[in-house]
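Peer 1: sequence unavailable; structure follows:
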């Protein structure tokens, strides 16, 4: 299978470069080795010259996978071309380069009207999400060039945009690997005399969107294989509908001005100026309150709580060892010649007690070092112990009443009357001390809250950081919290410090696009593309922003 995959990838590369004969030979070898390779047959259908051969390849795909939608569409397209009586004959589209635009001047028939796509339109937010893994697009699915007299034609989106998408937070996730796209799924360039026509989208958008971390690395073989194949052998097809503009994220209404400092009191989500007293943005209804920093120095309450837990763990270790020693001495006194028969259950209980006590000390030390997980463990254990003590009061009182009743039935009355106050007093003292200790621990836990969690305070929309890298990283953290407007300001500061950094420009362009500032997004992404014209992630973002800006 490794040789088959190598041949398939080589065939794809040859098809993309326009070498149809070489691509056909490589793909034929691939299907000879593995006749059940669905994608090899699908690609081969796009590079053969005879429509009958293409039909046989697509039929072979359907034999392997009867549910292959692309193969069915390709067969329908071939039948339509053969039965259309008035359709003028067009030569196949040959592989084109920017230096030979006349080769792509193939016009649509006058009767062929584009039909609206059935796939739902996607907003801008979905364009920067990773598509789910899907089978390759059909070999004959092509977006035709606009007519020569259509000077201001807008680009049509490919059907790859109907694929399900995942969240925009997937910048930090690795893209799922996708199978290679078929050879003939291309969007030819506009005719030579179409001076002002906007470029049509290529099927490179069917490739998975790379994660944010992948901006800083070269694309892998799987990503390269999914790129658009500029190959001949296809004519016109029904284009998909252009993507819709993003839906409104804000209340599109006029709001009265409010007092506030534009440098400090803006909403980090949408940028609306809110007065300092507001806790919710009046434009986007997002909360303006965030968790402030915790105490810088460890409080005495946390120190006392940690020391108590460490002392308790140490006493537990000493007590467990003392129990083991006393048990050994007692057994040696009773049966000095039978130490081999010492009950192992006692050893097991002591070992468990030692482990629990040692774990208690470790958790207490972690809590003193401001570990939140340790704080929550101690808080839950304290609450459980306090609840157990309170429950013990109820059960202990019931047991005490039964014991007093038995004493009254079996002992003389004067002795019972004298013993009752002593018994109840001891019981009450034990319960009071136990509950008081547990309540003290609970109070210390509550007083230590600010050592781990700061107070809620109003977000201050000031740019933070010392240099461009700080600005950028803080912007990434804000973006992960959906604070796009504040992330945009951080990235603007980073670009102001380092205007030729492609990472900063790419992030800023995406922030502009997310906020609906399409012209700024367009100019910013074009600057990034000029710096690295071969970067596939930049090219993909550039094409999508251009389509959205011109939709």
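Peer 2: Happy to help now that I have it. Treat the numbers as computed from the prediction; the structure is a model and nothing was measured.

Peer 1: and the helices in the stretch 201-350 of the chain, which stretches?
Peer 2: Here the stretch 201-350 of the chain has its helices, by DSSP state H, counting those that start in this stretch, at 221-225, 300-334, 344-368.

Peer 1: what's the closest of these to residue 24?
Peer 2: helix 221-225 (17.6 Å; C-beta to C-beta). For every residue, glycine as well, the C-beta is placed using N, CA and C.

Peer 1: give me the phi and psi for residue 382.
Peer 2: phi -60, psi -40 (degrees, to the nearest 10).

Peer 1: please tell me how far it sits from residue 274.
Peer 2: Residue 382 sits at a distance of 40 Å from residue 274 (criterion: C-beta to C-beta, to the nearest Å).

Peer 1: again, but for residue 263
Peer 2: Distance from residue 263 to residue 274, by C-beta to C-beta: 13 Å.

Peer 1: quick one: which of these two has more around it?
Peer 2: When residue 263 and residue 274 are compared for neighbours, residue 274 comes out ahead with 22 against 11, by other C-beta atoms under 10 Å.

Peer 1: tell me which stretches of the stretch 401-550 of the chain form helices.
Peer 2: 413-447, 468-480, 484-497, 502-514, 518-531, 536-550.

Peer 1: want to throw the ones you listed into TSV with mean pLDDT?
Peer 2: Output for the helices of the stretch 401-550 of the chain, formatted as TSV (pLDDT from 0 to 100):
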stretch	mean pLDDT
helix 413-447	83
helix 468-480	92
helix 484-497	93
helix 502-514	93
helix 518-531	91
helix 536-550	88
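
Peer 1: nearest to residue 281, out of these?
Peer 2: Of all those, helix 484-497 comes closest under C-beta to C-beta, at 10.2 Å.

Peer 1: what's the burial count for residue 365?
Peer 2: Residue 365 has 15 nearby residues by other C-beta under 10 Å.

Peer 1: residue 307 too?
Peer 2: The burial count for residue 307: 12, using other C-beta under 10 Å.

Peer 1: now do residue 330
Peer 2: Burial of residue 330 is recorded as 10 neighbouring residues (other C-beta under 10 Å).

Peer 1: how far away is it from residue 343?
Peer 2: Taking C-beta to C-beta as the criterion, residue 330 is separated from residue 343 by 11 Å.

Peer 1: try residue 468
Peer 2: From residue 468 to residue 343 the distance is 69 Å (C-beta to C-beta).

Peer 1: tell me where the model's unsure across the stretch 201-350 of the chain.
Peer 2: 201-253 (pLDDT under 70).

Peer 1: can you tell me which of the helices of the stretch 401-550 of the chain is nearest to residue 334?
Peer 2: So among those, helix 413-447 is nearest, using C-beta to C-beta, at 32.1 Å.

Peer 1: tell me the angle of the closest one relative to helix 344-368?
Peer 2: Per axes from the mean of the first three to the mean of the last three C-alpha atoms, to 10 degrees, the angle that helix 413-447 makes with helix 344-368 is 40 degrees.

Peer 1: does anything pack onto helix 413-447? Which helices or strands?
Peer 2: Helix 413-447 makes packing contacts with helix 300-334, helix 372-410 when contacts are defined by 3 or more C-beta pairs under 8 Å, 6 or more residues apart in numbering; DSSP states H and E.

Peer 1: counting neighbours, go ahead and name the busier of residue 468 and residue 343.
Peer 2: residue 468 (18 against 10).

Peer 1: excluding its backbone neighbours, what's nearest the more buried one?
Peer 2: residue 497 (3.6 Å; C-beta to C-beta, 6 or more residues apart in numbering).

Peer 1: try residue 506
Peer 2: Per C-beta to C-beta, 6+ apart, closest to residue 506 is residue 528, 5.3 Å.

Peer 1: try residue 403
Peer 2: Distances taken as C-beta to C-beta, 6+ apart put residue 423 closest to residue 403, at 7.4 Å, once the chain neighbours are dropped.

Peer 1: neighbours around the one you found, how many?
Peer 2: There are 14 residues near residue 423, going by other C-beta under 10 Å.

Peer 1: that one: what's it in contact with?
Peer 2: Residues near residue 423 by C-beta atoms under 8 Å, 6 or more residues apart in numbering: 400, 403, 404.

Peer 1: show me what the strand or helix carrying residue 75 is packed up against.
Peer 2: Assigned by DSSP states H and E, residue 75 falls within helix 69-83. Helix 69-83 sits against helix 38-47, helix 51-64, with contacts defined as 3+ C-beta pairs under 8 Å, 6+ apart.

Peer 1: which parts of that helix are buried?
Peer 2: By neighbour count on 16 or more other C-beta atoms under 10 Å, the buried set for helix 69-83 is 70, 71, 73, 74, 75, 77, 78.

Peer 1: what sits closest to the second one if chain neighbours are left out?
Peer 2: For residue 71, ignoring the flanking residues on the chain, the nearest one in space by C-beta to C-beta, 6+ apart is residue 61 at 4.0 Å.

Peer 1: the domain parsing of this structure - what is it?
Peer 2: 2-85+126-225, 300-451, 468-550 (automatic domain parsing).

Peer 1: let me know which of those is the nearest to residue 459.
Peer 2: Nearest to residue 459, of all the domains of the chain, is domain 468-550, at 8.1 Å by C-beta to C-beta.

Peer 1: distance between the ends of the closest one?
Peer 2: 32 Å (C-alpha to C-alpha, to the nearest Å).

Peer 1: pull the number of nearby residues for residue 350.
Peer 2: 18.
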